[in-house]
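Enquirer: Quick one: sequence plus predicted model below, questions after.
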Amino acid sequence: MDNRTHWENEEKKLDELVYRATWPGGEKAVAKLAKQGKRPVRELISNLIDPGTDFFELSRIAGFGVNYPGVEDVPCGGVVTGVGKINNNWTMIFANDSRVKAGTYFPITLKKHMRAQAIAERCGLHCVYIADSGGAFLPMQADVFPDDQHFGSMFFNMARMSAKGLKQITLSTGGNTAGGAYIVFMACQSVMIDRMSYSFLGGPPLVKMATGETISAEDLGGAKIHTGTSGGADHFCGSQDEAINSVREILALEPPQKLHLHRYAETPPRVPADAVYDLLPAAIHQGIDTRQILGCIADDSYFYEYKKNYAPGRGDNILAGKIRIKGLPVGVIASNAVGIIFVEAARKATEWIVRCSQEKIPLLFLQNSPGYMVGSDSEHMGIGKYGSDMVRAVSCAQVPRIQMVIGPDNGAANYGMCGRAYRPHFLFTTMRGRTSVMSGRSAAGVLLSIEERKRKARNNPMTEAERQAFRDKMIEKYDGEAHPFYCGARLLNDRVLKFSEMRDWLAMAFEVSLLSPIGDPAFGNFRF
């Protein structure tokens, strides 16, 4: 019960942050939208997706604590992204939230937008953009305009996906100025709303300054102009509801998606999903029996384990095997016990990644590891070599890969367990996840020893009080930067999940990831 109470309280903190992200400006901001004939973007998304289906919103806590010049927070990154079904096809949806700085793009907004585009392109999803943006946040133009992965990359991505046959549909629900206008003009088809949608490379004030012409926004780039005169948009609508129906109609004739893997009949777990709250210790570095966690996720709570009896106490710090999640076969690489990766565990994991790649079975990395084992014994046994083989296998595996962080996520274990740099199709964490180069306690010890040597060399040795203050400061820094809120705010994961959400989100992620064909395996050189 202590574990359950702890995690339920932690998830209440998540709920509070999500509320701040999804209701910026509160009821006052919603009332302002209503006066303009608009509704909050999540209401529009709810009407856009198929009735009775869920919208899987990504990166909700992006943008908190980013501390840009004059702007401490950008709630939800200023843009809503996520996947939902439109006419029974999974679709990536983007929606500027005009309640956040008029929908302008900060660095975190761009990062979130392009992460969603990357998922869409990789998984073969059509895209719908609900556009209401003032373009780049001008005070930070050097950080959002000129470089790769800046503003222009959004349109580059739209063009490339369109060329692949992935439809890019824009619904303009407000003003789209300068770079923001290209969201309308770059679309395969775009929808505009009478006296609500505007799109122009330069708005009326800039036109007046540049040419001396005085013109209204409606006459310069309103819905009638672009659907009837310029041809820059395709569908004229009288309301948001009509525009939503127009988008659904555009996508109605798209062929149905198909999975590139056989799906079996779903069997619910025999273990209740909320049992995870009791099973995962409140202490982050306490060992766990990951088989029990898999029992809460897997169909029928069944886990087929590979090399179960190999090297007890060393090889079983990683579990390998297969489960099914809502009928989908999934290979598993899961940290176990205290999660330290020994040579034997690394070898077993590498073998299993290769085998699943050969069988074209997607992989789930259940991460709870503080790192690879250090020391002379491990070095002499080849931990560097076999750990590198694990990293090679993770890097080259051609099957869909998803990481779920349920504990420590430190050092090179982040690499071998398919962290962000290894481009998993999706990366989720929980309130127990801690992602950093090392734990706060370890970092404090290393940095304190360096500081002590420097002070001693200057004939100014540290007092015990100074040592403790330095240690406390480093622990606070490293543990703070490892926290799910810090990582989620900077898009180091795709969503912070509640324990009760894990099965549903993993099922969605694997299903979406399997919409693209799986290629043949090809691995880099292993050092046998």
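Expert: Alright, I've got the coordinates. Residues are numbered from 1 along each chain as shown.

Enquirer: So G174: helix, strand or coil?
Expert: What DSSP: H, G, I helix; E, B strand; the rest coil gives for G174 is strand.

Enquirer: switch to numbering from 232
Expert: Got it, the first residue is 232 from now on, which makes the last one we talked about G405.

Enquirer: Distance of it relative to A326?
Expert: In this view, G405 and A326 are 11 Å apart by Cβ to Cβ, to the nearest Å. Yep, even glycine has a C-beta here, placed from its N, CA and C like the rest.

Enquirer: hmm, who's touching the longest helix belonging to the chain?
Expert: Looking across the chain with DSSP state H, the single longest helix is helix 233-253. If you take Cβ atoms under 8 Å, 6 or more residues apart in numbering as the criterion, helix 233-253 is touched by 273, 291-295, 306-307, 508-513, 662-663, 715-716, 727, 729-730.

Enquirer: Name only those of those residues that count as buried.
Expert: When burial is judged by neighbour count using 16 or more other Cβ atoms under 10 Å, the buried members of the contacts of helix 233-253 are 273, 291-295, 306-307, 508, 510-512, 662-663, 715-716, 727, 729-730.

Enquirer: out of the contacts of helix 233-253, which are inside helices?
Expert: 273, 508-510, 715-716.

Enquirer: Could I get those in JSON lines, plus columns for pLDDT and distance to Q634?
Expert: Output for the ones in helices among the contacts of helix 233-253, formatted as JSON lines (pLDDT from 0 to 100; distance: Cβ to Cβ, whole Å):
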{"residue": "R273", "pLDDT": "97", "distance to Q634": "27"}
{"residue": "Y508", "pLDDT": "97", "distance to Q634": "21"}
{"residue": "D509", "pLDDT": "97", "distance to Q634": "24"}
{"residue": "L510", "pLDDT": "97", "distance to Q634": "20"}
{"residue": "P715", "pLDDT": "98", "distance to Q634": "14"}
{"residue": "F716", "pLDDT": "98", "distance to Q634": "18"}
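
Enquirer: quick one: contacts for the residue lying closest to A713 once chain neighbours are set aside?
Expert: The shortest distance from A713 to any non-neighbouring residue, by Cβ to Cβ, 6 or more residues apart in numbering, is to S667 (3.7 Å). Contact analysis of S667 by Cβ under 8 Å, 6+ apart lists 640-641, 674, 709-710, 712-713.

Enquirer: Please enumerate the helices of the stretch 282-431 of the chain.
Expert: 338-354, 372-375, 382-394, 413-416 (DSSP state H, counting those that start in this stretch).

Enquirer: Could you tell me how far M648 is located from P752?
Expert: 19 Å.

Enquirer: my guess is L511 meets F730, correct?
Expert: Yes - when contacts are counted by Cβ atoms under 8 Å, L511 is listed as touching F730 (7.1 Å).

Enquirer: Ramachandran coordinates for the residue lying farthest from the centre of the chain?
Expert: Distance to the chain centre peaks in the chain at N690, reaching 49.0 Å (criterion: Cα atoms, centre = their mean). Dihedral pair for N690: phi 60, psi 40, per degrees, to the nearest 10.

Enquirer: Kindly state the pLDDT recorded for it?
Expert: You'll see N690 listed with a pLDDT of 95.

Enquirer: Show the contacting residues for it.
Expert: Counted by Cβ under 8 Å, 6+ apart, N690 has zero contacts.

Enquirer: Contacts only, for I350.
Expert: By Cβ under 8 Å, 6+ apart, I350 lies in contact with 289, 314, 323, 356, 656-657, 725, 743.

Enquirer: try H491
Expert: Listed by Cβ under 8 Å, 6+ apart, the contact set of H491 reads 745-749.

Enquirer: Mind listing what's buried along stretch 682-695?
Expert: Buried-residue list, stretch 682-695, by 16+ other Cβ under 10 Å: 682, 686, 693.

Enquirer: Verify the contact between the last one and R684 for me.
Expert: No - taking contacts as Cβ under 8 Å, M693 lies outside contact range of R684: 10.2 Å.

Enquirer: Identify the contacts common to these two.
Expert: By Cβ under 8 Å, 6+ apart, no residue touches both M693 and R684.

Enquirer: what comes into contact with stretch 724-737?
Expert: 238, 242, 245, 285, 287-292, 346, 350, 500, 504-505, 507-508, 511, 527-528, 556-557, 561, 595, 633, 635-636, 651, 657-662, 664, 666, 715-716, 718-719.

Enquirer: So for R555, what's the nearest residue that isn't a sequence neighbour?
Expert: Closest residue to R555 apart from its sequence neighbours, by Cβ to Cβ, 6+ apart: D530 at 4.1 Å.
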